[in-house]
Each structure stands twice: as C-alpha cells, then as structure tokens.
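K.L.:
build me a structure from this.
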Amino acid sequence: MRSLSTPIRVWFALFLMLVAALPAAAQETPAVPATATPWQDVITGQVQAFRDQDAKAALSFAGQGFQAAFPSAESFYVSIMSSGYAPIGLSASHSFGTFQMVGDKSVAQVVKFLGAKQELYEAIYLLSEEPAGWRVQGVQLAKTPAIGI
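P.N.:
A predicted model of the protein is given here:
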C-alpha cells in the first residue's frame, strides 16, 4: 500500500477535522438543497480541468495551502490523480447534492459522479472563501454500491 505524500496527508487530516465538525454545524443550520452557488462553479471548473488534464487550471481552483504545498501544477495533478481521486478526472458527469455552511466562509458540498463505466461515486468537497474567491480545500471521495443508468 502506497502512502500519501506529506502535503496531502496534512490537508487530508485538516479536512477530516472539518468534516468531524459538520454534525455540530448541522444542528445550527439545516442542510440546504443545492441551487446555483458560486462554489459550485469552482467545483465544476476544477472537475473539468481534471477531465481535460489541465494541471494549471485544476490547481487554480485549489486553496492557497495546496498552491503553496506543490512545486508545480503538474506535481499537484499527478499527486491528486494517483492518490485515489482519478475517478473525478475520469468521470462522465457530475451533479450537486446538498450543501452545509460551515461557518461564515466555508461550505461542505456533496457532489455525485458518474464514472466512465457507469459506476457511481460521491464526494464531499470542502471549500472556503479566500481573497481570490471560493477555493477547494479538500475532497473526500467514496465509491457507492450502485451503478448509474
């Protein structure tokens, strides 16, 4: 089993801590059905960049921490695609589920992916609003036990 690189491990740990805080935040604000939001445009942009194998564009949608942690856009792209997130870049389509605000400038957004072979994946994207706009801070991806039709 190959281990994750240090930057990915650090961001993954931070992501897990933020996801652990979601139940507490959920008690304060109910989950909202997805409608057009600025962060969904960011997710779609990054997903399309991965599909297009456009490393520079994919990194541009990532948070400042990711941008600082990788020496190049290509190393970011290779690291993400080789560490279990390839189904995002290989997906045929995606759709948005519910989202949950986590504080004033952070959100957890559910995204569903249809794979090239009709397999289904679900992801939770964590985004924060930075000076440059909404940026992806982390993603938790899991394959669902179903197939798309």
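K.L.:
ok, residue 88 touching residue 139?
P.N.:
Yes. Using C-beta atoms under 8 Å, residue 88 is in contact with residue 139, at 7.5 Å. To be clear about C-beta, it is placed using only N, CA and C from the backbone, and glycine gets the same treatment.
K.L.:
overlap in contacts of those two?
P.N.:
residue 123 (C-beta atoms under 8 Å, 6 or more residues apart in numbering).
K.L.:
which residues are in contact with the top strand by length along the chain?
P.N.:
When the chain is parsed with DSSP state E, its longest strand is strand 133-147. For strand 133-147, the external contacting residues (C-beta under 8 Å, 6+ apart) are 11-12, 14-16, 18-19, 38-39, 41-43, 46, 61-66, 84-85, 87-88, 106-107, 118-129.
K.L.:
how about the strands in this structure?
P.N.:
Using DSSP E, strands in the chain cover 93-101, 106-114, 119-130, 133-147.
K.L.:
residue contacts, residue 38?
P.N.:
Contacts of residue 38 by C-beta under 8 Å, 6+ apart are 133-134.
K.L.:
so that it lines up with my notes, have the first residue be 758 from now on.
P.N.:
From this message on, residue numbering opens at 758, which makes the last subject residue 795.
K.L.:
how far away is it from residue 862?
P.N.:
The spacing between residue 795 and residue 862, counted by C-beta to C-beta, to the nearest Å, is 12 Å.
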